[in-house]
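Student: One predicted model, sequence on top.
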Amino acid sequence: MPPAEAGFADGTAWIDGRIVPVAEATLPLLDWGFLRSDACQETISARAGMLFRLDDHLNRFERSLAKLRMIAPLSRAEIRQAIHRLIAAAGFKDAYVQIIMTRGRPPIGSRDIRLCSNRFQAFCIPYVWIAPPAVQERGLHLHVSRRLRVPTASVDPMVKHYHWLDFEMALMDAHDHGAETAVVSDAEGNITEGPGFNIFVRQGDRLLTPRHGMLDGMTRRSVLELCAELGIAVEETEVTVDALRSADEVFLTSTAGGVMPVTRVDDIAIRNRPGAITARLRQAYWDRRGAGWHGEAVDYSSNPHAQQEQAS
């Protein structure tokens, strides 16, 4: 299905109830979502016209709102409809959708956070890969950053927020070291997560993945489910930097890419090619998604333009 309008070829955005070309999406300069990174989001993917784990994403979005003491101006049903309409208006089969709540702003001259009116926005663009398929075939190069993740006592990582300066600077460090992405650790030296992904390592016949200090990613959750189905031993535990560097296999999980192999950690070669368990889980993930696992079909009829065409 082609975009409903030429202006939507690059994507769509939901701004104060209107669907506009993504290039026209704006945010008020005084919104504390911009001035103070006071916002939360959910990133949802669609593959072949099927949204993945939409209810789980909406549940987590509501959890983030509650933790940040925000109130959505739209109901859950209205947010769900907005997601469908954004994809339908763009006409994408493979889509990357982000729903966002910002704090808004208090009256001019006030710093009382209680007086802010929270604002909902969203956008839809073509599906985004943390690592393109060609890079995944040979495996990513991962840098272990010396930067520490923001402490959980300060900012709850279970809120999908925009406190990314630690991640952003870790990415700069990764590029300086010739790597494609980075992972950060906590003050105790345990691996937490990276910019938009969780991490798994294989030691012997079992997988390890961090159990705290990170977001409970949807793809991570999916991999844990697949491991249970496939009889692959996995443990949520502390994962040290040494355990990462001495791993038999390493892979990342993200909405933006699924299961992504890592074959080099700094100067240490993990494998020349993705390992067997990584390849098995990667294949199972995409196969199951292709079969409609945790899927919800995009309602392309929710596009007002398409409705007009059918009526004419």
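Tutor: Structure's in. What do you need?
Student: going forward, measure contacts and count neighbours with C-alpha atoms only.
Tutor: Noted.
Student: All the helices of the stretch 201-312 of the chain, in order from the start?
Tutor: For the stretch 201-312 of the chain, applying DSSP state H, counting those that start in this stretch gives helices covering 218-230, 241-245, 276-290, 304-311.
Student: Mind checking these for the one nearest to Ser75?
Tutor: Taking Cα to Cα, helix 304-311 is the member of the helices of the stretch 201-312 of the chain nearest to Ser75, at 20.5 Å.
Student: how about Glu296, what does it touch?
Tutor: Shown in contact with Glu296 (Cα atoms under 8 Å, 6 or more residues apart in numbering): Met50, Leu51, Phe52, Arg53, Leu54.
Student: what pairs with it across the strands?
Tutor: Here Glu296 sits in beta bridges with Leu51, as judged by DSSP bridges.
Student: Equivalent analysis for Ala95, please.
Tutor: On the basis of DSSP bridges, Ala95 is bridged to Ala46, Pro126.
Student: still on that earlier bit, can you list the helices of the stretch 201-312 of the chain in JSON lines and add mean neighbour count, distance to Arg103 and mean pLDDT?
Tutor: Converted to JSON lines, the helices of the stretch 201-312 of the chain look like this (neighbours: other Cα atoms under 10 Å; distance: least, Cα to Cα, whole Å; pLDDT from 0 to 100):
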{"stretch": "helix 218-230", "mean neighbour count": "17", "distance to Arg103": "24", "mean pLDDT": "98"}
{"stretch": "helix 241-245", "mean neighbour count": "17", "distance to Arg103": "36", "mean pLDDT": "96"}
{"stretch": "helix 276-290", "mean neighbour count": "16", "distance to Arg103": "34", "mean pLDDT": "97"}
{"stretch": "helix 304-311", "mean neighbour count": "11", "distance to Arg103": "30", "mean pLDDT": "48"}
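Student: of all these, which lies closest to Leu86?
Tutor: Nearest to Leu86 among these is helix 304-311 (10.8 Å), distances taken as Cα to Cα.
Student: ok, back up a step: out of the contacts of Glu296, who's nearest Leu224?
Tutor: Nearest to Leu224 among these is Arg53, at 14.4 Å by Cα to Cα.
Student: Leu215 contacts His161, doesn't it?
Tutor: No: between Leu215 and His161 there is no contact under Cα atoms under 8 Å: 9.6 Å.
Student: got any residues that touch both of the two?
Tutor: Common contacts of Leu215 and His161, defined by Cα under 8 Å, 6+ apart, are absent altogether.
Student: What about Lys67, how many residues nearby?
Tutor: The tally of other residues near Lys67 (other Cα atoms under 10 Å) stands at 12.
Student: Ramachandran angles for it?
Tutor: Here is the backbone geometry of Lys67 (degrees, to the nearest 10): phi -70, psi -30.
Student: okay, how far is it across stretch 184-197, tip to tip?
Tutor: Start and end residues of stretch 184-197 are separated by 11 Å (Cα to Cα, to the nearest Å).
Student: my guess is His141 meets Thr181, correct?
Tutor: Yes: His141 lies in contact with Thr181 (Cα under 8 Å); the separation is 6.9 Å.
Student: Can you show me the strands along the stretch 101-250 of the chain?
Tutor: Secondary structure of the stretch 101-250 of the chain (DSSP state E, counting those that start in this stretch): strands at 119-126, 140-148, 181-185, 191-193, 198-203, 206-210, 233-237, 249-254.
Student: Direction included, what does the longest one pair up with?
Tutor: Within its sheet, strand 140-148 is paired with strand 181-185 (parallel), strand 258-265 (parallel), according to DSSP bridges.
Student: ditto for the last one
Tutor: With DSSP bridges as the test, strand 249-254 is paired with strand 198-203 (antiparallel), strand 258-265 (antiparallel).
Student: just to revisit the earlier point, please name whichever of the helices of the stretch 201-312 of the chain is nearest to Pro126.
Tutor: Here helix 276-290 is closest among those (Cα to Cα), at 17.4 Å.
Student: tell me the angle of the closest one relative to helix 218-230?
Tutor: Using axes from the mean of the first three to the mean of the last three Cα atoms, to 10 degrees, the inter-axis angle of helix 276-290 relative to helix 218-230 is 100 degrees.
Student: Just name whatever secondary elements helix 276-290 is in contact with.
Tutor: Helix 276-290 makes packing contacts with helix 218-230, strand 249-254, strand 258-265 when contacts are defined by 3 or more Cα pairs under 8 Å, 6 or more residues apart in numbering; DSSP states H and E.
Student: Which residues does the closest residue to Arg146 other than its chain neighbours form beta bridges with?
Tutor: Excluding its sequence neighbours, the residue lying closest to Arg146 (Cα to Cα, 6 or more residues apart in numbering) is Val184, at 7.1 Å. Under DSSP bridges, the beta-bridge partners of Val184 are Glu193.
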